[in-house]
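K.L.:
below: sequence and its predicted model.
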Amino acid sequence: MQDKASERATMPKGTSIILDDRTLQNSYATLVPLLKPGMHVLDVGCGTGAITAGIAGFVGPHGSATGIDSSEHLIAKGLDDQHDVPHLQLITANLYTWQPERKYDLIVSARVLQWLNDPLAALLRFRELLAPGGHVSVLDYNHTRLEWDPAPPASMQRFYEAFLRWRTDAGMDNEIADHLPALFEKAGYRNIRSFNADEKYSRTEAGFSNKAAIWSKVAELRGPQVVEHGFITEAERLLAIDEYDAWTLQTAQSMTMKLNDVQASF
C-alpha cells in the first residue's frame, strides 16, 4: 500500500502549473499570524517553493525558510523561480530519512498529507524535527465536500468520483481535513486548533475561470494515471476536460474547495 500511495502521489512533470499561482497570502493566509521575525521554518512538501518564499519574507534576515520536497523536478524549478529570495533554501529530500542540522520553530505542510497513506507517521516525524515549544500547521482538504454551483457536467462528476476512488484505493484519505485534529491528538500534540480555510471562487472575481479550471488541469495531468489504473476510460477523461472547460467559461458561478488549517504545539 505504501508503494502504491508513493507512486500515485508523485507529481508528473508539468503539474507545477497548479502550484505556481499559489502564494502565502492567497493559499495559506491562516499561517500568517504564526510567522514571526527570526523564526526557523520548515515547509514539508514545498513543491516549487511558492509559499515557502512568502514565509521567508516574514522571518527576515535572522530567520530562515527551508522547503523540502521529494520531487526533484519541482525543487529544480523552485530554485530557478525563487533564486533571488533571501533566507530561503529548497532541498530535494525524503521527510523520513533527511537529517537536518537544526530543529525548527515551526513546521508547515500545505495540501500534502492528503497524498499519504499514513499521515500519522508524518506528524510523528514532524515532532522529531521540532524545537522545544515549536508549532506545527497542516493545511488540507476534505475533497468529499467540494461545492460547484451549478453542478458541473456529468462527465466531470464521473471523473471526479473516479479520481477520489483512485486515491482511496491507494490508502489516501479524501476527508483528511476533518480528521487532522484527532491525528494531532494521537501524535501527542497539544493546544490543537482548527481554522476554516475554504477557497471560494466566484464568477464576479477576476480570474475565476482559470481558478475553477483546476479540475480540468487535474484531469489533464493526473487523469492519465487514473486511466492507467482502470478507474475511468481515456474517452471519459477527455470528454470531462472538454465539457468542464466549456462549463467554466459559460455556466459556472462558483466553486468552493473545503480546507482546514490545523495548528498545534509540542
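P.N.:
Perfect, thanks for sending it.

K.L.:
drop to CA atoms for contacts and neighbour counts, all remaining ones
P.N.:
Fine.

K.L.:
so how far is Pro132 from the closest residue to Arg127 other than its chain neighbours?
P.N.:
Nearest-residue entry for Arg127: Phe266, 7.2 Å, with adjacent residues in sequence omitted and distances by Cα to Cα, 6 or more residues apart in numbering. Per Cα to Cα, to the nearest Å, Phe266 is found 7 Å from Pro132.

K.L.:
likewise Asp21?
P.N.:
Distance from Asp21 to Pro132, by Cα to Cα: 34 Å.

K.L.:
same deal with Val59?
P.N.:
Using Cα to Cα, Val59 is found at 18 Å from Pro132.

K.L.:
with Val41 instead?
P.N.:
Distance from Val41 to Pro132, by Cα to Cα: 14 Å.

K.L.:
hey, which helix or strand in this structure has the poorest pLDDT?
P.N.:
helix 16-19 (a mean of 64; mean pLDDT, DSSP states H and E).

K.L.:
Phe266 and Pro132 - which one has more neighbours?
P.N.:
Neighbour count, other Cα atoms under 10 Å: between Phe266 and Pro132, Phe266 has more, with 17 against 12.

K.L.:
so which residues of the stretch 151-266 of the chain form strands?
P.N.:
Taking DSSP state E, counting those that start in this stretch to define them, one finds strands in the stretch 151-266 of the chain at 190-196, 199-202, 254-257, 259-265.

K.L.:
which stretch among those strands comes nearest Asp178?
P.N.:
Asp178 lies closest to strand 259-265 among these, at 7.3 Å (Cα to Cα).

K.L.:
angle of the closest one against strand 190-196?
P.N.:
160 degrees (axes from the mean of the first three to the mean of the last three Cα atoms, to 10 degrees).

K.L.:
how far is strand 259-265 from where the chain is centred?
P.N.:
13 Å (Cα atoms, centre = their mean, to the nearest Å).

K.L.:
what's it in contact with?
P.N.:
Here strand 259-265 makes contact (Cα atoms under 8 Å, 6 or more residues apart in numbering) with 30-31, 133-142, 177-178, 180-181, 184, 189-199.

K.L.:
with just CA atoms, put that strand into PDB.
P.N.:
Output in PDB follows, covering the C-alpha atoms of strand 259-265 (Å, rounded to 0.1, in the frame of the first residue of the first chain):
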ATOM      1  CA  LEU A 259      -9.900  23.200   3.700                       C
ATOM      2  CA  ASN A 260      -8.900  23.300   7.300                       C
ATOM      3  CA  ASP A 261      -5.700  24.600   8.800                       C
ATOM      4  CA  VAL A 262      -4.900  22.600  12.000                       C
ATOM      5  CA  GLN A 263      -2.300  24.100  14.200                       C
ATOM      6  CA  ALA A 264      -0.800  22.700  17.400                       C
ATOM      7  CA  SER A 265       2.300  22.800  19.600                       C
END
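
K.L.:
so what's in contact with Val41 and Pro132 at the same time?
P.N.:
Asp105.

K.L.:
residues in contact with the longest strand belonging to the chain?
P.N.:
Ranked by residue count, the top strand of the chain under DSSP state E comes out as strand 130-141. Strand 130-141 has contacts (Cα under 8 Å, 6+ apart) with 28, 31, 103-114, 126, 174-177, 257-266.

K.L.:
buried ones in stretch 131-151?
P.N.:
By 16 or more other Cα atoms under 10 Å, the buried positions in stretch 131-151 come out as 131, 134-143, 148.

K.L.:
actually, stretch 28-42.
P.N.:
Buried-residue list, stretch 28-42, by 16+ other Cα under 10 Å: 28, 30-31, 35-36, 39-42.

K.L.:
just put the residues you listed in CSV and tack on pLDDT and distance to Pro86.
P.N.:
Shown next, in CSV, are the buried residues of stretch 28-42 (pLDDT from 0 to 100; distance: Cα to Cα, whole Å):
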residue, pLDDT, distance to Pro86
Tyr28, 97, 20
Thr30, 98, 23
Leu31, 98, 20
Leu35, 98, 16
Lys36, 97, 16
Met39, 98, 14
His40, 98, 13
Val41, 98, 14
Leu42, 98, 15
